[in-house]
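[1] Below are the sequence and a predicted model for it; my questions follow.
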Amino acid sequence: MNKGALIGSKKSEDDEWISVSDMMAGLMMIFLFISIFYIQNISNYFENVSEERDEICSDLEREFHEDAQKWDMSICESGLLITFQNDSNFETDSAELSTQFKKILSEFFPRLMSVVLKHSESISELRIEGHTDSSIRRGDTQLSGYLYNTKLSQERSRNVMSYSLNLSEIVANQSLMEWTYSHVTAHGMSSSNRIFDEGDTENFDASRRVEFRIRTSAEDSLLNLVSELRSDEN
């Protein structure tokens, strides 16, 4: 093989390597821009979630701050939710609302809905959740006890929703009723989301509660974006 042929072959290999290197560099730039785009989107979504949550919480606190103590109610302490923790709201092992809790709901729910409707375009769901502690009845297995608490918490949340939506102030507002049919839901959480004190000791009193939890459209958008990213990875 002559010297010219060897030189030509070497030059060809070098050209191919440069071409591959350029292509890889180009792909890396594309992936970098895509990553920056998604990171910016996620950052924007987080900002929107935070802004919506702060605005709604501010309005809830402004509306109910004078009633929180007398109703044994917490506002936005661990998220965008209002929590009732008074054991007298229900009798033990009963889903029937106490007279006292009905009186509270009669005043609370119409005012809650006035805040919700103010932010209706930003809210995707108003969840009424019933929660229990992990205690079970004598003779029950852990599974049967959990299922019993699921049924009890579901009935309690449904009864809270039924009583609230049947209030005359709510029923008389047709546009409000139309909104509730698409956005208000009731959920029995059993003991799946208990409250713990320091040292991982279950707080049985705090675990037994009813919560009005608000989910925002920005949260849904963020979850959808994360789901899309995971789909792309797969």
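    All right, it came through fine. Numbering: from 1, shown residues only.
[2] So for residue 215, what's the nearest residue that isn't a sequence neighbour?
    Spatial nearest neighbour of residue 215, excluding adjacent residues (Cβ to Cβ, 6 or more residues apart in numbering): residue 125 at 4.3 Å. Every residue, glycine included, has its C-beta placed from N, CA and C.
[3] how close does that neighbour sit to residue 76?
    Distance, residue 125 to residue 76, using Cβ to Cβ, to the nearest Å: 16 Å.
[4] With residue 158 instead?
    With distances taken as Cβ to Cβ, residue 158 is found 24 Å from residue 76.
[5] Could I get the contacting residues of residue 141?
    With Cβ atoms under 8 Å, 6 or more residues apart in numbering as the criterion, no residue contacts residue 141.
[6] repeat for residue 67
    Applying Cβ under 8 Å, 6+ apart, we find residue 67 in contact with 73, 107, 108.
[7] which of those count as buried?
    73, 108 (16 or more other Cβ atoms under 10 Å).
[8] And the contacts of residue 67, which is closest to residue 147?
    residue 73 (29.0 Å; Cβ to Cβ).
[9] Could you list the low-confidence segments of the protein?
    1-27, 29-49, 219-234 (pLDDT under 70).
[10] could you pull out the helices for it?
    Under the criterion DSSP state H, the chain contains helices at 3-64, 99-118, 142-165, 168-171, 174-183, 204-207, 217-233.
[11] ok, how many other residues are close to the residue nearest to residue 215?
    15 (other Cβ atoms under 10 Å).
[12] Then residue 167?
    Neighbours of residue 167 using other Cβ under 10 Å come to 16.
[13] do residue 72 as well
    For residue 72, using other Cβ under 10 Å, the count is 15.
[14] Leaving out the residues flanking it, which one is nearest to it?
    residue 86 (4.1 Å).
[15] Next up, the contacts around that neighbour.
    So residue 86 contacts 71, 72, 100, 101 (Cβ under 8 Å, 6+ apart).
[16] From residue 94, how far off is the third one?
    What that stands for is residue 100. 14 Å.
[17] Show the buried residues in the contacts of residue 86.
    If you count burial by 16+ other Cβ under 10 Å, the buried members of these come out as 71, 101.
[18] which one among the contacts of residue 86 gets closest to residue 200?
    Lowest distance from residue 200 to those (Cβ to Cβ) belongs to residue 72, with 24.5 Å.
[19] That closest one touches residue 85, doesn't it?
    Yes: the pair residue 72 and residue 85 qualifies as a contact (Cβ atoms under 8 Å) at a distance of 5.5 Å.
[20] Show me what counts as buried in stretch 60-69.
    For stretch 60-69, the neighbour count (16+ other Cβ under 10 Å) marks 60, 63, 64 as buried.
[21] cool, and stretch 163-176?
    So stretch 163-176, judged by 16+ other Cβ under 10 Å, has buried residues 164, 165, 167, 173, 176.
[22] Can you say which two of those residues are spatially most distant?
    164 and 173 (12.8 Å).
[23] any common contacting residues for these two?
    Residues touching both residue 164 and residue 173 (Cβ under 8 Å, 6+ apart): there are none.
[24] one step back: show me the contacts for the residue nearest to residue 215.
    Taking Cβ under 8 Å, 6+ apart as the test, what residue 125 contacts is 183, 184, 185, 214, 215.
[25] Where neighbours are concerned, which of these has the most?
    residue 214 (26 neighbours).
[26] hey, what's it bridged with?
    For residue 214, the beta-bridge partners are residue 126 (DSSP bridges).
[27] Would you check that it makes contact with residue 80?
    Yes: using Cβ under 8 Å, residue 214 is in contact with residue 80, at 4.5 Å.
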